[in-house]
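> coords please:
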Amino acid sequence: MHSNGSHAERDKAWSVPLEQIDVSKGYLFEQDIVGWYFERLRQQDPVHHVVSKRFGPYWSVTRYQDILAVDTDAASFSSDAYLGGISLAERPSGEVFPSFIAMDPPRHDEQRKTVSPIVAPANLALLEGTIRERAARILDGLPLGEQFDWVQRVSIELTTQMLATLFDFPFHERHLLTWWSDMATGDPDGNGPVSSWEQRRAELGKCQDYFTGLWNQRVNAAPRNDLISMLAHGPATRHMSAQEYLGNVILLIVGGNDTTRNSISGGLLALNRFPAEYHKLRANPDLVESLVPEIIRWQTPLAHMRRTATRDTPLGSKLIRKGDKVVMWYLSGNRDSEVIDEADRFIIDRARPRQHMAFGFGIHRCVGNRLAELQLKVLWQEILRRFPRIEVVGEPTRTKSNFVHGFTAMPVVIPARG
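Numbers count the residues shown, from 1 in each chain. Predicted structure coming up:
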């Protein structure tokens, strides 16, 4: 963050009246200038009330400790889809796809337990060979000495292949998973492929039809080790409604796709912006172990999660009222220097690299966090074996979104060996 923030932008962030600051605007993320506003809010108004033109009134929570307090108090701050769910964006009325991330206990706990075996250590050990083989194949296919788009060729390709494996989804149609992920997280005001709410609903309908077909095949077969089979046979999920099934499928697509994809891109960008760290990594490839959590902290692929207050609850010096929308800006918490030393620097050998909030906390902590880390670890091990450097040769194009903090394109060159 702050990379493109000119002095003029920084001055603006620090001079605009506090009550006018609304960090939900997509362009702040697209232009990579939201960090100045977060910095000011952390210092001057860490629990900040604003009325957004687009999203209505909400609270911005920007400090690490306050975010932690909200995230670990599921009784006071609900994730329930029917109260508003987990993102700031209000979806069109009638569109509620509940999933376990947008549920409170006990249903949350039961449904989450159904899919968690796929990311258990024993299964991750089995997946590691597959990830390595695919990463190697993707990297070996990259051109040397000519520009290409890292997002398309590497970030999307590796994560979509992995997701197809987890779902046991027809491999030749895996591009559909990327498309549905972009549809699920996008909206007509963004810079992604969603052109209207109607188009989005129609495309998610196609997603539902496709996955219903897969469900019907798996539910009538012996239980297998893929996510759809787990949902179809799991006692807590096998009787769920069509909406709930779609909700959980979308959750698993977005959770397995958008987040890792953008960490793969963000990590390469960070190493280019901090060349001394890239040098350190090449000199000692074992630093991949601490590089990975630092990439995830630095990028914070989901910028926020939202909750709805179930009762009047004090937070910081403010009183949150029952029914209020509360937004935890993980991206800001991960830049809070009161908790994380030199939080604005990318440091690949931090003493406590896992001290970040990109995966959330409490009952909703990311179920796939270890799989995400494994994919990044294997990819960087394979990159370091092959290429002395990969150079980012132009400004990346960022998503115009306050939710998915990522990239749509990033031009790179792998220097030819000479």
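
> so residue 196 touches residue 188, yeah?
Yes. In terms of C-beta atoms under 8 Å, residue 196 counts as a neighbour of residue 188; the distance is 5.5 Å. Any C-beta I mention is one placed from the backbone N, CA and C, and that applies to glycine too.

> helix or strand next in line after the helix or strand of the chain with the lowest mean pLDDT, which one?
Least confident helix or strand of the chain, by mean pLDDT, DSSP states H and E, is helix 107-115 with a mean of 79. Of the helices and strands lying after helix 107-115 in sequence (DSSP states H and E), the nearest is helix 121-140.

> what's the following helix or strand after that following helix?
Next along from helix 121-140, by DSSP H and E: strand 148-149.

> any idea which helix or strand comes after that next one?
Sequence-wise, the next helix or strand downstream of strand 148-149 (DSSP H and E) is helix 150.

> ok and the helix or strand following that next one relative to helix 121-140, angle-wise?
Going down the chain from helix 150, the next helix or strand is helix 157-167, by DSSP H and E. Helix 157-167 and helix 121-140 are oriented at 150 degrees to each other (axes from the mean of the first three to the mean of the last three C-alpha atoms, to 10 degrees).

> mean confidence score for helix 157-167?
Here helix 157-167 scores 89 as its mean pLDDT.

> show residues contacting that helix.
For helix 157-167, the external contacting residues (C-beta atoms under 8 Å, 6 or more residues apart in numbering) are 118, 127, 130-131, 134-135, 138, 169-171, 174-175, 177-178, 214, 226-228, 252-253, 256-257, 260-261, 264, 371, 375, 379.

> quick one, which of those are buried?
The neighbour count (16 or more other C-beta atoms under 10 Å) marks 118, 127, 131, 134-135, 138, 169, 174, 177-178, 214, 226-228, 252-253, 256-257, 260-261, 264, 371, 375, 379 as buried among the contacts of helix 157-167.

> flag the shaky bits of the stretch 301-418 of the chain, pLDDT-wise.
For the stretch 301-418 of the chain, the stretches with pLDDT under 70 are 418.

> one more pass at 80, please.
For the stretch 301-418 of the chain, the stretches with pLDDT under 80 are 363-365, 367-368, 417-418.

> what of the stretch 51-200 of the chain?
Using pLDDT under 80, the flagged stretches of the stretch 51-200 of the chain are 81, 89-104, 107-108, 111-112, 114-115, 117-120, 123, 190.

> got the angle between the least confident helix or strand of the chain and helix 157-167?
Comparing the axes of helix 107-115 and helix 157-167 via the same axes, to 10 degrees yields an angle of 90 degrees.

> could I get the CA-only coordinates of helix 107-115 as CSV?
Below are the C-alpha coordinates for helix 107-115, written out as CSV (Å, rounded to 0.1, in the frame of the first residue of the first chain):
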residue,chain,number,x,y,z
ARG,A,107,-25.1,-24.4,12.4
HIS,A,108,-21.8,-22.7,11.4
ASP,A,109,-19.8,-25.2,13.5
GLU,A,110,-21.7,-28.3,12.1
GLN,A,111,-21.3,-27.2,8.4
ARG,A,112,-17.7,-26.1,8.7
LYS,A,113,-16.8,-29.5,10.3
THR,A,114,-18.2,-31.2,7.1
VAL,A,115,-15.6,-29.7,4.8
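
> can you tell me how far residue 381 sits from residue 292?
10 Å (C-beta to C-beta, to the nearest Å).

> what's the answer for residue 83, then?
In terms of C-beta to C-beta, residue 83 sits 35 Å off from residue 292.

> residue 18 contacts residue 43, correct?
No. Assessed by C-beta under 8 Å, residue 18 is found out of contact with residue 43, at 10.6 Å.

> contacts only, for residue 314.
By C-beta under 8 Å, 6+ apart, residue 314 lies in contact with residue 320.

> in the sheet, who's paired with it?
Here residue 314 shows beta-bridge partners residue 319, assigned using DSSP bridges.

> measure it to residue 253 for me?
Distance from residue 314 to residue 253, counting by C-beta to C-beta: 37 Å.

> over to residue 147?
For residue 147, the distance to residue 253 - C-beta to C-beta - is 30 Å.

> so what's residue 54 closest to, chain neighbours aside?
residue 24 (7.0 Å; C-beta to C-beta, 6 or more residues apart in numbering).

> what is the burial count for that neighbour?
Neighbourhood size, residue 24 [other C-beta atoms under 10 Å]: 22.

> ok, it - contacts?
50, 52, 54, 55, 58, 60, 88, 327, 402.

> now do residue 9
By C-beta under 8 Å, 6+ apart, residue 9 lies in contact with 31, 33, 36.
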